[in-house]
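>>> pasted the sequence and its predicted model underneath.
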Amino acid sequence: MNEKGNKKREWIKTAAIIFLSVMLVLTFFSNTIMNYSLPEVATQYVTSGSITAKIRGTGVIESGDPYEVGIKESRKVESVAVKVGDEVQKGDVLLYLEEKESEELKAAQKNLEAAQEGVVTAQEGVRDARDAYYAAILTGEISAEDIQAANGNVSVNAYRQQITDAQNVVIPLEDKVADLEKQIADVDAQLALEGGLDTAAQDRVPAAQKALETANNSFTAADNAFINAGKTLEAARKEKETAVSNGNASASAAADEKIKKAQEAYNTAKTNRDNALAAKNSAQADYNNAVANQAGREGSQTKANLEAIRASLEVEKHGVENDLAAAQKQLDDLLSVVSNKLNLDGFEKGIAVAQRDVDAAQKVVDEAQAEVDRLTAEATGTTVTADIAGTVTAVNIVAGNTTTPDTPLVVMQPEGKGYTLSFSVTNEQARKVNPGDRAELVNSWRYDDVDVVLASVKPDPNSPGQNKLLTFDVSGAVMAGQTLSLSVGQQSANFDLIVPNSAIREDNNGKFILIVESRSTPLGNRYSASRVDVEILASDDTQSAISAALYGYEYVITTSTQPVEAGQLVRLADN
């Protein structure tokens, strides 16, 4: 019995000791346990120092005054002579065009041919109306008695014979005029073609010669490089032979590496030489063709000869037209003998209507001819050249494509003109800069002699209420299409209170920061977050100058493991 009582007391004693030990441990470590449940915050001192309120942005350089080169006709491009970045002088060739008429000129010539056919048709209408008039007299539709009464004592048969004879004169003359007009139209077509081909021949020879010289120079350089690469490869092979002969394994391995590199260089040089040779042969063929074309042109019918032929045809046509007018007047006079006394209004009105159709058709011909003349006068030869000196910033067409009238084919930056660059910023950032501020280039060591000045601050068209568009004037060693990163803004200024940007918070009541306040307890220090309203005076990429009810050197919360509010207990991160 005593033994059982002793065991029970021993158990109670042991349990009490364990309980007291646990309570003691919990009491000593309660501070540590609670800390692990609190948000962990990182802090920095509120300090004093300087702020450079700059803004940064990236933009693409554009031409400040681009010059666009185009033509007013649709022509197929044979080759493009320039690429972006090329510097060209006034008169340099930009594009080569095929030796063919433009689509607009072809269409205008077809319209002219159709209009001329319309005149012929209308003239046939006049002829038909007159023939109906003549037929009415000749076939008896107008009676012999009426003719006799209107024409006095003249024999009706004799009168009708006079009309037939007059018709036999008029009709061949009309046919002759139509034939001469067709011959003149053919000569005009040859003149348009001949003038373009003469210009083409004259332009092509010097251009082809220059291309041939360039190709020859390229081949010479590639051939020399090929020869030198062969010598290098041969030397490496001899070095290998020597190393093997001497039994030097290390030198032999080194020689193998040299042979490998030399062989690669030799293969590359051979490819370059083959390509250069092909380009040289092609340029030689182009030059030979240009020379042959010019020689053929010089031996063919010249523009002056064609103009002389046209002038001769015009003189002949004018003479025939005079003869036709006289013959037609004689015929009309014969008709007027009776038409003035007989009621022939129906016939005469038919002739008048047909003649108005001729006049209208001739007006269409005149307009179509004027369009052909205009297009012929404005026609581009086989080259498109630069009107100014400058740098090519864009090439909007490739060989084989057809040009579109008045569409820029090549865009140039005029010599001596500047460039521009733009990027968007917030309205708040825009208030920190002014036109005339000089910008700095990010990674400025990569650029040489580049000057960037803020030219304007305007509403951003893509976000007019919230953003501003900063436009800079750029000068120096740059080109259109290049991307630059800039920084621009105020000079450095000193401030008493500076905090990291990550410490700035904002809610409906405005901007604020959270600082850490400390108080002592029996179990150690306790830390809590306290709100301080602030006003931002200046900012850069990493920190801000503030105005606030602070003494300086307070701990400001920058980051936390959980959301933190004013008055909340926190624990400090180990530094």
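Looks like it came in fine.
>>> how does the chain divide up, domain by domain?
The record's domain parsing of the chain by automatic domain parsing lists 1-37, 38-53+493-572, 55-97+384-489.
>>> for the last one, the averaged confidence score.
Mean pLDDT, taken over the full extent of domain 55-97+384-489, equals 83.
>>> for that domain, measure first residue to last.
One end of domain 55-97+384-489 sits 6 Å from the other (Cα to Cα, to the nearest Å).
>>> would you map the strands across the stretch 401-550 of the chain?
Applying DSSP state E, counting those that start in this stretch to the stretch 401-550 of the chain gives strands spanning 410-414, 419-426, 438-441, 450-459, 467-476, 483-489, 493-500, 505-507, 510-521, 524-539, 543-548.
>>> so which of these gets nearest Ala122?
Counting by Cβ to Cβ, Ala122 lies closest to strand 410-414 out of the strands of the stretch 401-550 of the chain; the figure is 46.7 Å. C-beta: built from backbone N, CA, C; applies to glycine.
>>> gap between stretch 84-92 and the chain center?
Stretch 84-92 has its C-alpha centroid displaced from the chain centroid by 17 Å (Cα atoms, centre = their mean, to the nearest Å).
>>> report the buried residues of it.
The neighbour-count check on stretch 84-92 (16 or more other Cβ atoms under 10 Å) flags 86, 88 as buried.
>>> swap in stretch 47-62?
Of the residues in stretch 47-62, those buried (16+ other Cβ under 10 Å) are 51, 53-57, 59, 61-62.
>>> and the helix or strand where Thr232 lies, what does it pack onto?
Element membership of Thr232, judged by DSSP states H and E, is helix 156-246. Judged by 3 or more Cβ pairs under 8 Å, 6 or more residues apart in numbering; DSSP states H and E, the packing partners of helix 156-246 are strand 93-97, helix 103-138, helix 144-150, helix 249-299, helix 303-339, helix 345-378.
>>> export these as a markdown table, with columns for mean neighbour count and distance to Ala178.
Shown next, in a markdown table, are those (neighbours: other Cβ atoms under 10 Å; distance: least, Cβ to Cβ, whole Å):
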| stretch | mean neighbour count | distance to Ala178 |
| --- | --- | --- |
| strand 93-97 | 22 | 36 |
| helix 103-138 | 17 | 6 |
| helix 144-150 | 15 | 32 |
| helix 249-299 | 15 | 32 |
| helix 303-339 | 15 | 10 |
| helix 345-378 | 15 | 13 |
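>>> find the centremost residue of this structure, please.
Per Cα atoms, centre = their mean, the C-alpha nearest to the average position across the chain is that of Asn396, at 5.1 Å.
>>> surely it touches Met412?
No - between Asn396 and Met412 no contact is recorded; they are 11.9 Å apart, counting by Cβ atoms under 8 Å.
>>> run through who's touching stretch 268-283.
The set of residues that contact stretch 268-283 without belonging to it, under Cβ atoms under 8 Å, 6 or more residues apart in numbering, is 208, 211-212, 214-216, 218-219, 221-223, 225-226, 228-230.
>>> among those, name the buried ones.
Buried by 16+ other Cβ under 10 Å: 208, 211-212, 215, 218-219, 222-223, 225-226, 229, out of these.
>>> run the chain-centre distance for the helix holding Thr232.
In this view, helix 156-246 has its centroid 30 Å away from the chain centroid, taken as Cα atoms, centre = their mean.
>>> and that helix with strand 93-97, angle?
120 degrees (axes from the mean of the first three to the mean of the last three Cα atoms, to 10 degrees).
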